[in-house]
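# Dropping a prediction and its sequence here:
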Amino acid sequence: MRARFVLDEAVRSVIVALKYRRERRLAHWVGDQLVPLVPALIDAITWVPATPERVRWRGYDQSQEIATHVARSLGVPCERLLGRTSRDQRQTSRTRHERAQGPQLFARAPADGLVAVIDDVVTTGATVATAQAVLRSSGSALVVPVVLAATPKDMT
């Protein structure tokens, strides 16, 4: 996993604004921060999808917005390779134990080659681990999670 920042109050404020204050324009800034972390020989960019409930409430999927910007910046395809079941809960509303089980993701399309999967924050690592497993099982040779921030190990 490649993380640009340790999750601190400054980064948290950006994420909160993007996700809960609907400041969609911040997706471009976040994407710019992630571009240098993406492997040079990447074949495609995808993202960990938000829950359908959150997409309806927000009007967009923040990780999709970030992934689209990263892909455009690198000149590689941005593909919707992962889906999330409609009954899945958002990770932020779950306990640490529940988070460790990861989200209910599925492959929407086969993944080929080297894929970067974009997400905003890693806490337990369960979400990116689930995304990696699903993408590998659908054919990707290598999956590299790229995230804006990760919680420090002593805080998880």
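Cool, the structure landed.

# Can you report phi and psi for the nearest residue to residue 138 once chain neighbours are set aside?
Nearest non-adjacent residue to residue 138, counting by C-beta to C-beta, 6 or more residues apart in numbering: residue 107, 3.7 Å away. Heads up, the C-betas are built off the backbone N, CA and C, glycines and all. As for residue 107, its main-chain torsions (degrees, to the nearest 10) stand at phi -80, psi 130.

# Report the contact partners of residue 107.
81, 82, 83, 134, 135, 137, 138 (C-beta atoms under 8 Å, 6 or more residues apart in numbering).

# who's it bridged to?
residue 82 (DSSP bridges).

# Tell me how far it lies from residue 134.
5 Å (C-beta to C-beta, to the nearest Å).

# Please enumerate the shared neighbours of those two.
Residues touching both residue 107 and residue 134 by C-beta under 8 Å, 6+ apart: residue 82.

# Where in this protein is the helix or strand with the lowest mean pLDDT?
Ranking every helix and strand in the chain by mean pLDDT, DSSP states H and E puts helix 96-99 at the bottom, with a mean of 57.

# which non-adjacent residue is nearest the spatially most central residue of the chain?
Centroid check for the chain by C-alpha atoms, centre = their mean gives residue 119 as the closest residue, at 1.6 Å. Spatial nearest neighbour of residue 119, excluding adjacent residues (C-beta to C-beta, 6+ apart): residue 48 at 4.3 Å.

# cool, residue 2 as well?
Nearest residue to residue 2, sequence neighbours excluded (C-beta to C-beta, 6+ apart): residue 37, at 4.2 Å.

# and that neighbour, how many neighbours does it have?
18 (other C-beta atoms under 10 Å).

# quick one: it and residue 5 touch, right?
No - using C-beta atoms under 8 Å, residue 37 is not in contact with residue 5; the gap is 10.7 Å.

# all helices for this protein, in order.
With DSSP state H as the criterion, the chain has helices at 9-20, 26-34, 52-58, 62-74, 96-99, 126-137.

# in the fourth one, what counts as buried?
Going by neighbour count (16 or more other C-beta atoms under 10 Å), the buried part of helix 62-74 is 62, 63, 64, 65, 66, 67, 68, 69, 70, 71, 74.

# And it, what does it pack against?
Contacts defined by 3 or more C-beta pairs under 8 Å, 6 or more residues apart in numbering; DSSP states H and E place helix 62-74 against helix 26-34, strand 44-47, strand 114-122.

# Could you rerun that using 10 Å?
Other elements packing on helix 62-74 under the criterion 3 or more C-beta pairs under 10 Å, 6 or more residues apart in numbering; DSSP states H and E are helix 9-20, helix 26-34, strand 44-47, helix 52-58, strand 114-122, strand 142-150.
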